[in-house]
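>>> Need a 3D model of the sequence below.
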Amino acid sequence: MKTRRYSTRDKMLLAGGLGVAIVVNVGLIWGPTLASVALSGTDWNGIGPIRGVGGENYGQLATDYPPFWSAVRNNLLWLGFLGLIATPFGLFCAVLLDRKLRFSRVYQSALYMPVVLSLAVVGFIAQLVYSSDYGVLNSIFHLKVDWLGDRAINIWVVMIAAGWRHVGYVMIIYLAGLKAVDPALKEAAAIDGANEAQAFFRVVFPTLRPVNVIVLVITVIEALRAFDIVYAINKGRNGLELLSVLVTENIVGEASRIGFGSAIAVILLVISLGFIVTYLSQLFREER
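Numbering: from 1, shown residues only. Presented below is the predicted three-dimensional model:
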């Protein structure tokens, strides 16, 4: 077999393309990540000298910083809601649309429309819907509920708003995966006597494993990087605390506690990697 020899021009193009990708990746992802890990063991305000404090920041987070545990709880609730409710509902919508319902294009467009909106815009829409003074929900049903001010319920209604956007995202990914499934598999399952539910869960769904990996990663990232929607509503306070908000408040806020904020960022990184690495390791183990 004759191997192709790259010309000098080809090598320069390859080196340039890879070089730009590597520089961007290191500069925007790995560089800040490693810097956060290093700064998490320091006490630095961004101006004065950097003073090492070891694990003091982590100890303070666990024992002397009440918003931290509230943020951890909210992030885990966010992850559970998106993973166990919004994502399955997005899959359900994709299955329905894959059956070529009448006006399926209209339904698909309507469900996908929120995806083009940023979470900050979704936050402003949530204020229009849930506001206790001028909100649509209270006006229509003549209620006097402080949806966004009550710490017992505000996190739930905001997750519903975020899930509204997430459903459309998941739906379009699963719909693309379902379109790629070989129709012969469904026909073979029908011939063997399987009903629609059995054919889906035992034949179709296992073939969507690559799509499931993508959806899982997206869901974990969406849940743990959530920031703009709560910040647009009340700057992530009064029951809407998230780890991403605490990172911002400590690093770029008035306190300028860069070392402390970096410690929160590292914890957020570890949590996200924990979910993703665990799932991927189990997936690869099953394939072997």
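>>> so who does V158 touch?
The contact partners of V158, taken as Cβ atoms under 8 Å, 6 or more residues apart in numbering, are 123, 126, 148, 229-230, 233, 240. Yep, even glycine has a C-beta here, placed from its N, CA and C like the rest.
>>> Mark which of those are part of helices, please.
If you go by DSSP state H, the contacts of V158 have 123, 126, 229-230, 233 in helices.
>>> Tell me where the chain has strands.
Remark: strands assigned in the chain by DSSP state E are 42-43, 51-52.
>>> Give the pairing partners of the first one; include direction for each.
Strand 42-43 has these partner strands in its sheet, going by DSSP bridges: strand 51-52 (antiparallel).
>>> ok, so of the ones in helices among the contacts of V158, who is nearest S262?
Nearest to S262, judged by Cβ to Cβ, of the ones in helices among the contacts of V158 is V230 at 20.9 Å.
>>> Any idea how many residues pack against that closest one?
Look at V230: counted by other Cβ atoms under 10 Å, it has 27 neighbours.
>>> and the residue lying closest to W164 once chain neighbours are set aside, what is it in contact with?
Leaving out its chain neighbours, the residue that sits closest to W164 by Cβ to Cβ, 6 or more residues apart in numbering is P114, at 5.4 Å. Residues near P114 by Cβ under 8 Å, 6+ apart: 122, 164-165, 167-168.
>>> Give me the neighbour count for the closest residue to F124 other than its chain neighbours.
Distances taken as Cβ to Cβ, 6+ apart place A232 nearest to F124, at 5.8 Å, with adjacent residues excluded. A232: 19 surrounding residues under other Cβ under 10 Å.
>>> do D192 as well
11.
>>> for A194, same thing?
Around A194 there are 16 residues (other Cβ under 10 Å).
>>> Likewise for F89?
Neighbour tally, F89, other Cβ under 10 Å: 15.
>>> cool, and W44?
A count of nearby residues for W44, using other Cβ under 10 Å, gives 19.
>>> what do you get for G54?
9.
>>> Can you name the residues that contact it?
Going by Cβ under 8 Å, 6+ apart, G54 touches G41.
>>> Read off the pLDDT value for it.
Looking at G54, its pLDDT stands at 87.
>>> where does V181 sit relative to L283, distance-wise?
In this view, V181 and L283 are 19 Å apart by Cβ to Cβ, to the nearest Å.
>>> try R9
41 Å.
>>> Looking only at neighbour counts, state which of the two leads.
A direct count of neighbours by other Cβ under 10 Å for R9 and L283 places L283 higher, at 14 against 8.
>>> Just give the closest residue to that one, not the sequence neighbours.
V213 (6.4 Å).
>>> same check, this time on W147
Using Cβ to Cβ, 6+ apart, the closest residue to W147 is Y130 (3.7 Å).
>>> The one you found: neighbour count?
23.
>>> Tell me who's in contact with it.
137, 147-148, 157, 161.
>>> circling back: how many residues are close by the residue nearest to L283?
The burial count for V213: 14, using other Cβ under 10 Å.
>>> For it, give its distance to Y134.
Distance from V213 to Y134, by Cβ to Cβ: 43 Å.
>>> now do G168
26 Å.
>>> More neighbours: which of the two?
When neighbours are counted by other Cβ under 10 Å, G168 and Y134 differ, and G168 comes out ahead with 22 against 9.
>>> can you pull the pLDDT of the residue nearest the centre of the chain?
In the chain, the centroid-proximal residue (Cα atoms, centre = their mean) is E222; its distance is 1.0 Å. At E222, the model reports a pLDDT of 89.
>>> next one: V181
So V181 comes in at 86 (pLDDT).
>>> Next, give phi and psi for it.
phi -70, psi 130 (degrees, to the nearest 10).
>>> show me what contacts it?
204, 207-208.
>>> Mind doing that once more with 6 Å?
V181 is in contact with 204, 207, counting by Cβ atoms under 6 Å, 6 or more residues apart in numbering.
>>> ok, it to Q198 distance?
15 Å.
>>> if we can go back for a sec, most neighbours among the contacts of Y130, which one is it?
Going by other Cβ under 10 Å, L148 tops those with 22 neighbours.
>>> and that one, how far is that from V72?
For L148 relative to V72 (Cβ to Cβ), the value is 21 Å.
>>> so can I have a markdown table of the strands of the chain showing mean neighbour count?
Converted to a markdown table, those look like this (neighbours: other Cβ atoms under 10 Å):
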| stretch | mean neighbour count |
| --- | --- |
| strand 42-43 | 18 |
| strand 51-52 | 10 |
